[in-house]
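Participant: let's see this in three dimensions:
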Amino acid sequence: MTTRKKTNQYTVGERVELHPGLDAWMRGDRFGVVVKLGTKYVHVMMDRSKRTLKVAPNYMDVIPA
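Facilitator: Here you go, the predicted structure:
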C-alpha cells in the first residue's frame, strides 16, 4: 500500500521540487513555490518558466530549508 499525500501537507510560500517523471521537470522546470492550495491539486509557480502549474501532491516534495 502506498501513502498518498494530501494538499493540506503543504503551505503557501513553501519551496518544492517536482517529481523527475513529470514533463515539466524534464523541460527544466524543477523547482517552484506553492502559491495556492486546492482540494485536489497544489498550484506551484515554477522558477524557470514563471508558469503556474497544477500538481498533484504525490508528484512533489518539499525542499528543506
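Participant: C-alpha only now, for contacts and for neighbours.
Facilitator: Fine.
Participant: could you work out the end-to-end span of stretch 6-18 for me?
Facilitator: Using CA to CA, to the nearest Å, one end of stretch 6-18 lies 15 Å from the other.
Participant: and the contacts of that stretch?
Facilitator: The contact list for stretch 6-18, computed with CA atoms under 8 Å, 6 or more residues apart in numbering, reads 25, 29-42, 57-63.
Participant: strand partners of the longest strand seen in the chain, parallel vs antiparallel please.
Facilitator: Longest strand in the chain, counting residues (DSSP state E): strand 31-37. Applying DSSP bridges to the sheet, strand 31-37 is found paired with strand 15-18 (antiparallel), strand 42-46 (antiparallel).
Participant: deepest of those, which one?
Facilitator: Greatest average neighbour count among these goes to strand 42-46 (a mean of 24), per mean count of other CA atoms under 10 Å.
Participant: so after that strand, what's the next helix or strand?
Facilitator: strand 52-55 (DSSP states H and E).
Participant: and for the nearest residue to residue 39 once chain neighbours are set aside, the neighbour number?
Facilitator: Among residues not flanking residue 39 along the chain, residue 7 sits closest, at 6.7 Å (CA to CA, 6 or more residues apart in numbering). Using other CA atoms under 10 Å, residue 7 has 19 other residues around it.
Participant: for residue 7, what are phi and psi?
Facilitator: Main-chain torsions, residue 7, degrees, to the nearest 10: phi -70, psi -30.
Participant: give me the distance between it and residue 27.
Facilitator: In this view, residue 7 and residue 27 are 24 Å apart by CA to CA.
Participant: cool, and residue 54?
Facilitator: In this view, residue 54 and residue 27 are 16 Å apart by CA to CA.
Participant: neighbour count for those two, which is higher?
Facilitator: Set side by side, residue 54 and residue 27 show more neighbours around residue 54, with 16 against 10, by other CA under 10 Å.
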